[in-house]
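# kindly return the folded structure for what I paste below:
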Amino acid sequence: MDSVYVILGPTSSGKTSLALELCKKFDGAVVSADSRQIIKGMDIGTGKVPLNSTYEIQNHVNYWTFDGVPVWGYDLATPGEFYSAYDYASWALPKISELLEEGKNVFLVGGTGFFIDFVTGRVTPSNVPPNFKLRKELETLELPELQEKMMSLNLDAFNKVDQNNPARLIRAIEVEVSEKKSPTPLPYLTDINFKFLGLSGSREVLYARSDSWLDMVWDNGLVEETKKLIANGFEETKSLNGLIYKSVRGFLNEEITEEEARYQAKSDIHAYIRRQQTYFKKIPDVKWFDISDPTFAEQIEHHVQS
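Residues are numbered from 1 along each chain as shown. Model prediction:
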């Protein structure tokens, strides 16, 4: 039975760097499971581009390479496009199967727990298929309009959904107005053994790492990248109102100072780390490794070898 190694953990724990080194040693390929890295043009603020690294990076049509190691799962959608965990799994499962058939060791790497759950079969999609026409219509609505629409459809369901998340509201509306038909079944990999490897660390360590990273990307192209996305018409999309980028927008629009924007972005990342840690604790059978241990990478390499 083939194995797929799932490397999960909070942001700034070093998942991608670790996976790239493992791929070099074990003829592997990375499949990214990150809901932010799927967005085209959002490279610096999502950590696609490692700073201060010596990797030779090439951006191909459908994948990137780092020192020749292929990384799949970047640039799957535009900033304004609705892209669900179902959409992601519909793409990722055939890709993983294809890579395994090529003889690659596959490393599914990311911090988006829902993406990982869909691919590994821990969560199955609802019995409501995607309605792309409806999604396009709903994506034109402002958050208060989405909230009002959902409340009018099902107040109980509205009270249970993330009311400030446009993507979650759109999906909830989609479920309510559907005829409850079954979606195209996901091509689950029934003959695959998923091995979960988790990177952990104290919040103090993770906060310090994420703070350092934020300052680094801010000084190395994040503001310019955000300006370009705004110039291309994406300012009001959910991606530009999400983690990190909304703080840069606030600074560019002179709503807050640069110092306030950096502080806000760091605080938002800290909160995101806490949510990730809470989510990943619910996944059983994870072999955890403490990134503060100087030998953790060697321990993981030995675990993969065995």
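# first to last residue in stretch 178-186, what's the distance?
Stretch 178-186 has an end-to-end distance of 19 Å (Cα to Cα, to the nearest Å).
# what's the closest non-adjacent residue to residue 166?
Excluding the flanking residues, the one nearest residue 166 by Cβ to Cβ, 6 or more residues apart in numbering is residue 238, at 4.9 Å. (Each C-beta comes from the backbone N, C-alpha and C, glycine too.)
# same question for residue 141.
Nearest-residue entry for residue 141: residue 149, 7.2 Å, with adjacent residues in sequence omitted and distances by Cβ to Cβ, 6+ apart.
# for the particular helix or strand that has residue 159 in it, name the packing helices and strands.
Here residue 159 sits within helix 155-160, counting by DSSP states H and E. Helices and strands touching helix 155-160, as assessed by 3 or more Cβ pairs under 8 Å, 6 or more residues apart in numbering; DSSP states H and E, comprise helix 143-153, helix 166-177.
# okay, the first one in PDB with CA atoms only?
What it means is helix 143-153. Taking C-alpha atoms only, helix 143-153 is exported to PDB below (Å, rounded to 0.1, in the frame of the first residue of the first chain):
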ATOM      1  CA  LEU A 143     -21.100  41.100   3.600                       C
ATOM      2  CA  PRO A 144     -24.200  42.700   5.100                       C
ATOM      3  CA  GLU A 145     -26.200  41.600   2.000                       C
ATOM      4  CA  LEU A 146     -25.000  38.000   2.300                       C
ATOM      5  CA  GLN A 147     -25.900  38.000   6.000                       C
ATOM      6  CA  GLU A 148     -29.400  39.400   5.400                       C
ATOM      7  CA  LYS A 149     -30.000  36.800   2.600                       C
ATOM      8  CA  MET A 150     -28.900  33.900   4.800                       C
ATOM      9  CA  MET A 151     -31.000  35.100   7.700                       C
ATOM     10  CA  SER A 152     -34.000  35.200   5.500                       C
ATOM     11  CA  LEU A 153     -33.400  31.600   4.300                       C
END
